[in-house]
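structure for this input, please:
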Amino acid sequence: MRYAVRDGRTWQVSSIVSGGIRGRFPSLVIDGADRPHVAWLDLDNGSQAGQPTGGTVRYAVLDGGAWQVQDVARLENVLMGFNHARKSTSIALDSDDGPTIAYADQRSVMFARKINDAWVSEPVLEYQEDIYKGLVVLRIGPGNTVGLVTWQAEDSQPGLIRIALRRDPVAAELSSFAVE
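Residues are numbered from 1 along each chain as shown. Model prediction:
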């Protein structure tokens, strides 16, 4: 997976990660210091379309000319294919440029943020079966209000849209989302 920036007449390209099945569903934000932050999914080697597989949600920031890459969470129920999620990670920055990431597999939609240099995740939606085949969009608004929109494919209907809200992603303790 590469990151490119237009510098006058030329493109400056840097490699974030390489090898394997890397860089699925990337999401990008730029902070107040013009540093890019990226979240994405790396699938396990040997993954095949149409077969459940595992993967790792990753985060990177370009800091001092080098990409700092971190593992956010492990997923075990990822299903790739044309009828499934095309956006299973989403990143946003809070008012202090702290990264927050939403991500999903077939059984859950999760919200993660860094607390004391460690990624902490909490469930937003959970399912007992492998049924979630949607997308995730994360935004942070005024007062650090977190908005999370999910869309779930339905076999015989246009789909189900859910909105989850939370007031403060930077509070010392995690608080639950109100899901509509």
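
kindly export the longest strand anywhere in the chain (C-alpha atoms) in PDB.
The longest strand of the chain (DSSP state E) is strand 66-78. Written as PDB, here are the backbone C-alpha positions of strand 66-78 (Å, rounded to 0.1, in the frame of the first residue of the first chain):
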ATOM      1  CA  ALA A  66       8.800   7.400   8.400                       C
ATOM      2  CA  TRP A  67       5.600   5.500   8.700                       C
ATOM      3  CA  GLN A  68       4.800   4.300  12.200                       C
ATOM      4  CA  VAL A  69       2.600   1.200  11.800                       C
ATOM      5  CA  GLN A  70       0.600  -0.400  14.700                       C
ATOM      6  CA  ASP A  71      -1.800  -3.300  15.000                       C
ATOM      7  CA  VAL A  72      -5.200  -2.200  16.300                       C
ATOM      8  CA  ALA A  73      -7.200  -5.400  16.400                       C
ATOM      9  CA  ARG A  74      -7.500  -9.000  15.100                       C
ATOM     10  CA  LEU A  75     -10.600 -10.100  13.100                       C
ATOM     11  CA  GLU A  76     -11.600 -13.700  12.600                       C
ATOM     12  CA  ASN A  77     -14.800 -13.500  10.600                       C
ATOM     13  CA  VAL A  78     -13.900 -11.500   7.400                       C
END
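
quick one: contacts of it?
Contacting residues not belonging to strand 66-78 are listed as 3, 14-17, 39, 41, 43, 47, 52-62, 88, 101, 103, 105-107, 110, 112, 119, 121, 130 [C-beta atoms under 8 Å, 6 or more residues apart in numbering]. Using the backbone N, CA and C atoms, a C-beta is placed for each residue, glycine as well.

who does that strand pair up with?
Here strand 66-78 is paired, per DSSP bridges, with strand 53-63 (antiparallel).

now do the strand it pairs with, average pLDDT.
Strand 53-63 shows a mean pLDDT of 90.

so for it, what gets flagged as buried?
Going by neighbour count (16 or more other C-beta atoms under 10 Å), the buried part of strand 53-63 is Thr53, Gly55, Val57, Arg58, Tyr59, Ala60, Val61, Leu62.

now those as a markdown table including distance to Arg22?
Converted to a markdown table, these look like this (distance: C-beta to C-beta, whole Å):
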| residue | distance to Arg22 |
| --- | --- |
| Thr53 | 14 |
| Gly55 | 10 |
| Val57 | 12 |
| Arg58 | 9 |
| Tyr59 | 13 |
| Ala60 | 11 |
| Val61 | 17 |
| Leu62 | 17 |
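
dig out what the nearest residue to Gly141 once chain neighbours are set aside forms beta bridges with.
Excluding its sequence neighbours, the residue lying closest to Gly141 (C-beta to C-beta, 6 or more residues apart in numbering) is Gly147, at 6.2 Å. Under DSSP bridges, the beta-bridge partners of Gly147 are Arg139, Leu165.
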